[in-house]
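Undergrad: have a look; sequence and predicted model below, questions after that.
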Amino acid sequence: MMVLSRFGGNPNIGVYSAAGESISFISPDTDEQYVSDVKRALGVETCLTTVAGSFVVGSLMALNSHGAVISGLAEEKEIKTISKHLPVFLLHGVNNAAGNNILVNDNGAAVNPDLDDKTIAGIETVLGVKCKRLSIAGINTVGAACKATNKGAVCHQDASDEEAELLSCILNVDVVRTTVNHGSRLLGPGLLANSKGALVGDLTTPIEMGRLEDALNLI
């Protein structure tokens with residue numbers, strides 16, 4: 001299922017929420033309709049929380065079925081809330097926006113090349129997958145440039161053939177270059193997705209929706 005939505009008037013819904021196969025974490029600065037859209041599109045439980053006192057939950061969190069990586073600036077109450085649903089690893093340092101710096105499904109993860117070995121080892125432990133350093137179309141924040149599920153992935157339209165092929169090998173799914181929200185090449189901010197469905201920013205065109213649906217194998 002694919003559903004068009006926006007968060008508080010903003011079509012960049014992936015900035016304010018993050019989703020896995022069974023749970024979606026959403027900024028509490030939302031409304032009932034948005035929460036309903038998430039549940040309907042993705043078939044998940046929802047949890048309202050901030051991360052690091054911020055509403056940009058999707059930018060500060062990356063998760064799969066095994067665990068979650070969140071900004072090292074997260075507050076204790078936020079860590080406790082998220083830990084009720086998934087094991088948590090805190091991402092410290094300048095690249096602490098986990099959702100922007102990590103692209104993950106249940107098969108593997110691509111991460112910002114600037115992350116150090118110790119940090120990557122911690123990410124691998126909590127997410128239960130191997131990580132590979134990768135930039136896409138000159139962008140180190142691979143989680144912002146792409147979006148992945150266990151059934152498919154979409155990436156920045158300017159990704160090279162070599163980058164798309166490597167990403168496919170890391171995630172063990174096919175990768176398609178496309179756009180969202182009427183031409184945005186940054187896929188991460190524009191949608192939430194899992195193997196059951198996708199929630200996309202409501203500026204997304206019918207042609208883009210068709211490409212996303214095919215790429216994520218939602219038909």
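TA: Noted; the coordinates are in hand.
Undergrad: Cys155 reaches Ala145, doesn't it?
TA: Yes. Counting by C-beta atoms under 8 Å, Cys155 does reach Ala145; the two are 6.2 Å apart. From N, CA and C alone the C-beta is placed, and that goes for glycine too.
Undergrad: now for the closest residue in space to Val51 that isn't next to it in sequence: which residues touch it?
TA: In this structure, Val51 finds its nearest non-sequential neighbour in Leu60, 4.1 Å apart by C-beta to C-beta, 6 or more residues apart in numbering. Shown in contact with Leu60 (C-beta atoms under 8 Å, 6 or more residues apart in numbering): 51-52, 54, 70-71, 74, 96-99.
Undergrad: now those residues as TSV including neighbour count and pLDDT?
TA: Shown next, in TSV, are the contacts of Leu60 (neighbours: other C-beta atoms under 10 Å; pLDDT from 0 to 100):
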residue	neighbour count	pLDDT
Val51	29	98
Ala52	18	98
Ser54	17	98
Ile70	30	98
Ser71	25	98
Ala74	25	98
Asn96	20	98
Ala97	25	98
Ala98	29	98
Gly99	29	98
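Undergrad: out of the residues you listed, who's nearest Glu208?
TA: Gly99 (21.2 Å; C-beta to C-beta).
Undergrad: nearest residue to Gly128 other than its sequence neighbours?
TA: His66 is the one closest to Gly128 (C-beta to C-beta, 6+ apart), at 3.7 Å.
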